[in-house]
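**Student:** Structural data only, the sequence is not supplied:
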């Protein structure tokens, strides 16, 4: 809990008021597939299905990461709340834009781009995502993959999905790699203003 120590706060004379703690961006257990398991304080996803983060990407330039703890079928990207969270792989409709485990980037059942064959993410790798309300870009272990993709519209959230024993750890702050210039962690709307 935070308290005000300035003595000028209107709280009935004690000089202290309780400030509301800002929520943490994490995977949202209210917006996940029926066979998804979320652990590690909302950071790790396993099981089968998809999960949205609990904060939309309101600011102009957002960044987040995932670490591949165990390979399998997985994906990371952005999606609207209309996406089917039980459908793996994502990218089959207009409600998601994702990098798939095979290096392809899909939106509306169309391959929008592809990572170079020698740059496919492996167990232990860190995948970074930037999104600026127009374009999603991909980073592998801090290196820009120059693999832009676009097409999704509306309010989007970070999204991850897993199947076939994949385990992913999401990082919405305290990144493994420095966020690209001009990009920052996802902020809750009340933190922006």
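**Tutor:** Here it is on my side, so go on. Just so you know, these numbers come straight off a predicted model, no measurement behind them.

**Student:** For the rest of this, base every contact and every neighbour count on C-alpha atoms.
**Tutor:** Fine.

**Student:** how about the residue nearest the centre of the chain, phi and psi?
**Tutor:** Ranked by distance to the mean C-alpha position of the chain (CA atoms, centre = their mean), the top residue is residue 158 at 3.2 Å. In terms of degrees, to the nearest 10, the main-chain angles of residue 158 are phi -60, psi 140.

**Student:** wait, what's in contact with it?
**Tutor:** 52-53, 55-57, 64, 76-79 (CA atoms under 8 Å, 6 or more residues apart in numbering).

**Student:** Give me the PyMOL select line for those residues, limited to the buried ones.
**Tutor:** To isolate the buried members of the contacts of residue 158 in PyMOL, using 16 or more other CA atoms under 10 Å:
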select buried, resi 52+53+55+56+57+64+76+77+78+79
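
**Student:** Which ones among the contacts of residue 158 lie within strands?
**Tutor:** 52-53, 64, 76-79 (DSSP state E).

**Student:** Which two among the residues you listed are spaced furthest apart?
**Tutor:** Within those, 64 and 79 form the most distant pair, 13.9 Å apart (CA to CA).

**Student:** Which residue ranges of this structure form helices?
**Tutor:** Taking DSSP state H, the helices of the chain run over residues 189-192.

**Student:** where does it dip in pLDDT?
**Tutor:** Residue ranges of the chain with pLDDT under 70: 1-20, 190-193.

**Student:** change it to 80
**Tutor:** 1-22, 189-193 (pLDDT under 80).

**Student:** where's residue 134 relative to residue 83, distance?
**Tutor:** Separation of residue 134 from residue 83 (CA to CA, to the nearest Å): 18 Å.

**Student:** Those two: who's more crowded?
**Tutor:** residue 83 (20 against 13; other CA atoms under 10 Å).

**Student:** can you pull the contacts of the more buried one?
**Tutor:** 93, 95-96.

**Student:** let's see 10 Å
**Tutor:** Neighbouring residues of residue 83 by CA atoms under 10 Å, 6 or more residues apart in numbering: 31, 50-52, 90-96, 159.

**Student:** May I ask which of the residues you listed has the most neighbours?
**Tutor:** residue 90 leads the contacts of residue 83 on contacts (other CA under 10 Å) with 33 neighbours.

**Student:** Identify each buried residue in stretch 99-114, please.
**Tutor:** 99-101, 103-108, 111-114.

**Student:** Dump those into CSV; add distance to residue 141 as well.
**Tutor:** As requested, these are arranged in CSV below (distance: CA to CA, whole Å):
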residue, distance to residue 141
99, 15
100, 16
101, 15
103, 14
104, 17
105, 18
106, 21
107, 24
108, 27
111, 23
112, 22
113, 19
114, 17
